[in-house]
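Asker: I need the structure of the sequence given here:
(3 chains)
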Amino acid sequence: GLLKESGSAGADSAPKSVAGPGLTIEVKDGVRTIKLNRPEKRNAMTAEMYDAIGKSLTEANTDSATNVVVLTGSGEYFCSGNDVSNFTIVKDIKSTADAACERLRACITSCINCQKPLIILVNGPAIGIGVTILGLADIVYASERAHFTTPFSSLGLTPEACSTYTFPRIMGYTKANEVLLFNAKITARQAEATGIVSEVFPDKTFAAETAKRVQAMAKLPVKSLVYTKDLIRGRERKLLHEINVSECDRVNERCQSEDSMNAIAKYFYREK
Amino acid sequence: GLLKESGSAGADSAPKSVAGPGLTIEVKDGVRTIKLNRPEKRNAMTAEMYDAIGKSLTEANTDSATNVVVLTGSGEYFCSGNDVSNFTIVKDIKSTADAACERLRACITSCINCQKPLIILVNGPAIGIGVTILGLADIVYASERAHFTTPFSSLGLTPEACSTYTFPRIMGYTKANEVLLFNAKITARQAEATGIVSEVFPDKTFAAETAKRVQAMAKLPVKSLVYTKDLIRGRERKLLHEINVSECDRVNERCQSEDSMNAIAKYFYREK
Amino acid sequence: GLLKESGSAGADSAPKSVAGPGLTIEVKDGVRTIKLNRPEKRNAMTAEMYDAIGKSLTEANTDSATNVVVLTGSGEYFCSGNDVSNFTIVKDIKSTADAACERLRACITSCINCQKPLIILVNGPAIGIGVTILGLADIVYASERAHFTTPFSSLGLTPEACSTYTFPRIMGYTKANEVLLFNAKITARQAEATGIVSEVFPDKTFAAETAKRVQAMAKLPVKSLVYTKDLIRGRERKLLHEINVSECDRVNERCQSEDSMNAIAKYFYREK
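Answerer: Next comes the predicted model:
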């Protein structure tokens, strides 16, 4: 199962890399840190990464060693979206789309059901699912170096991760639509102004400053955190699950569509 | 009925004016542009203009030549609200109010049902319905010269166009109430900060900059735009229709009230 | 027994202090002003103050002399939260918690049911309930000297006054959670940026500037104000009552919990 390390630590207590699924998971001092760890692929999301994130979030709910959950990335990027390899190595497009969208749905289901505070540390640029997921986070800290890109309609696609609900609620329709409909690319400061980011830090101090804050958060009485989160998110959980299904169904239809095929073909044509 | 031109174009491709109802409608390169065109009356809304806007928005849903809809104004103003002539040339106040509110309700119904992205280009000052309508837009660009005035309670009236729902959602209660309850007059930059405006442009470059962006939007795969808008707005459409009815019923009662009569009498007394 | 004064006025028309429950209530020129008046205790809330506020808000609904309601504080603070004396002089912790939470619930119920515009003038620092109550206000003006502190989880508690609903709606999740989950202390300017404050004034001009605005608001047609507020808040009133009950039930459980006991013990230990 789950990629949990029991914090062997040593002289320094840096998280150990786990081979395989492209991420590391560490639980230490009340903090469960899920770190995307394919820096050479700008932390693009593979099938295994979706599965491992979902499992770790589910385990966090019942793990007494976890007070807060951190999601972050290693290297230059936070997350560059879906790994294109998920969609290019295909025999049967329908079954590939079905499997990919079911995986996405299950991972987002785990995010919606996450009972502990979910803190996302956006260490660098974010694309696609790396942006939309922020609407399900409780706290988002970003490095000043981060920027946010959401190329859905330009690829013939539609947004996911309940962003069609969370983004308009957070920033209003006219800002959300620049992101969700019209492929906006925004800076960390702009993201902070819209409210999808809690606070922006200079890149140099980002790791140290956010670590300090997360450690303080993890020392708070966990029941107060869990009950407060439940008061905030609990009453919209059922709706979020419905939205997740609607969005994934639409992504499924879209990624098999001519629009999407043309956009991808154009993309590869331009690249070469 | 509908005032659709088939884009005859020519040496230059400026939209042709259509005589009659105070607005021009042009469909070109995927963009349906509805332009309020009574500059001498600061684009005050007449009965015919409400009807024509509603019809054009409805037609846009099934028109394969329309990818996005633009609403804007010609001359100095975007829209100065309702034409007072609607309410002054009356024999029977109740039937006049009934007809005016039914017209308003039908036009707003069409806005709520608009399936294509609705982009509002606020070319100059906006008053009343010229402000409240922005909450149903998907993108709002404003000239720096624009300002926004909502004199509802000072005229004994109440707001419309679902703004009692959209404005608090977009900007929170304490900002929305300055506008909806207390007749705030805000600048384009302030409107941008609240989130009812996506972006503000210098007046000199407003037309060129927004045209460039709208043209790019209209080239995106229309199905992605329509499906994304449906994910964002679809689940609140039923509620918006109910709110539209409640607001129009209240406007109807209010515009026949002593408060409103007194406010209008005072207004005309001051003017002379 | 409501603490209403009939505005005896005199050379100057300053509100008279009413002895007893720690606040003064004055109705004058259409403005009902409820002023927290325990400056020596930084306007900490006692049982009597909760009851008196609730009664005054209920009376405002049917009082034809009240067009708008103002809630503010005297002295340096706006409100420093619950008076610890409510919770320290106890024989039976359960019955004390039951009574305190029922009082809180009843007072917030009156806020939710308040039909006239509720304007909060934050004359100085606000803590706990002095912050969460802002989400039920229609207008909030703050002195630049104000700051806002919400030490819920650090005390083993959870938020109240429907803030788990209103704060995420007003400012989005990632900002709301800094306040509701993680004990943020924010400045007046930061509060204004999030939208829980309408406008900030320099401390020197705060009283005069806000008085001028409130007086202008109280001269507007009251029916327009009441009907507009009902359009904005009416449809979520039922939900707010449910949330109020959920939050108070949780506060009740929490203030009897070991987490809370430990936090309070630690607090007193540190103090001495």
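
Asker: Now do the strands in the stretch 101-250 of chain A.
Answerer: A:118-122, A:126-127, A:139-143, A:147-149, A:185-187, A:199-201 (DSSP state E, counting those that start in this stretch).

Asker: and B:F78, which of the ones you listed is closest to it?
Answerer: strand A:185-187 (26.1 Å; CB to CB). The way it works is simple: take the backbone N, C-alpha and C, and place the C-beta from them, glycine included.

Asker: Now render the strands of the stretch 101-250 of chain A as JSON lines, adding distance to chain C, mean neighbour count and mean pLDDT.
Answerer: Formatted as JSON lines, the strands of the stretch 101-250 of chain A follow (distance: least, CB to the nearest CB, whole Å; neighbours: other CB atoms under 10 Å in any protein chain shown; pLDDT from 0 to 100):
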{"stretch": "strand A:118-122", "distance to chain C": "9", "mean neighbour count": "27", "mean pLDDT": "98"}
{"stretch": "strand A:126-127", "distance to chain C": "14", "mean neighbour count": "25", "mean pLDDT": "98"}
{"stretch": "strand A:139-143", "distance to chain C": "5", "mean neighbour count": "26", "mean pLDDT": "98"}
{"stretch": "strand A:147-149", "distance to chain C": "13", "mean neighbour count": "21", "mean pLDDT": "97"}
{"stretch": "strand A:185-187", "distance to chain C": "15", "mean neighbour count": "17", "mean pLDDT": "96"}
{"stretch": "strand A:199-201", "distance to chain C": "8", "mean neighbour count": "20", "mean pLDDT": "98"}
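
Asker: Same list (those strands) but as CSV, adding distance to C:T149.
Answerer: Formatted as CSV, the strands of the stretch 101-250 of chain A follow (distance: least, CB to CB, whole Å):
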stretch, distance to C:T149
strand A:118-122, 21
strand A:126-127, 32
strand A:139-143, 18
strand A:147-149, 31
strand A:185-187, 30
strand A:199-201, 17
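
Asker: closest to chain B out of these?
Answerer: strand A:185-187 (11.3 Å; CB to the nearest CB).

Asker: The closest residue in space to A:E102 that isn't next to it in sequence and chain B: what is the separation?
Answerer: The shortest distance from A:E102 to any non-neighbouring residue, by CB to CB, 6 or more residues apart in numbering or on different chains, is to A:C248 (7.7 Å). Applying CB to the nearest CB, to the nearest Å, the value for A:C248 to chain B is 11 Å.

Asker: what does the model give A:C248 for pLDDT?
Answerer: Model confidence at A:C248, given as pLDDT, is 98.

Asker: who's in contact with it?
Answerer: Residues near A:C248 by CB atoms under 8 Å, 6 or more residues apart in numbering or on different chains: A:C101, A:E102, A:L104, A:R105, A:I108, A:E160.

Asker: what about the stretch 51-200 of chain A, any weak spots by pLDDT?
Answerer: Within the stretch 51-200 of chain A, the set of residues satisfying pLDDT under 70 comprises A:86-91.

Asker: Distance check, the residue nearest to A:R103 when sequence neighbours are not counted against C:P168.
Answerer: Once flanking residues are discounted, A:R103 sits nearest to A:Y50: 4.6 Å by CB to CB, 6+ apart. To C:P168, A:Y50 is 27 Å away according to CB to CB, to the nearest Å.

Asker: neighbour-wise, which of the contacts of A:C248 leads?
Answerer: Among these, the one with the most neighbours (other CB atoms under 10 Å in any protein chain shown) is A:I108, at 28 neighbours.

Asker: residue contacts, that one?
Answerer: A:I133, A:L136, A:E160, A:A161, A:C162, A:N244, A:C248.

Asker: now do A:Y141
Answerer: A:119-122, A:197-201, A:206, A:209-210, A:213.

Asker: picking that back up, quick one: which of the contacts of A:I108 is nearest chain C?
Answerer: Distances from chain C to those, taken by CB to the nearest CB, are shortest for A:L136, at 8.4 Å.

Asker: Now for the closest one, how many residues are close by?
Answerer: 22.

Asker: my read: it touches A:Y165, true?
Answerer: No: A:L136 is beyond contact range of A:Y165, at 9.9 Å (criterion: CB atoms under 8 Å).
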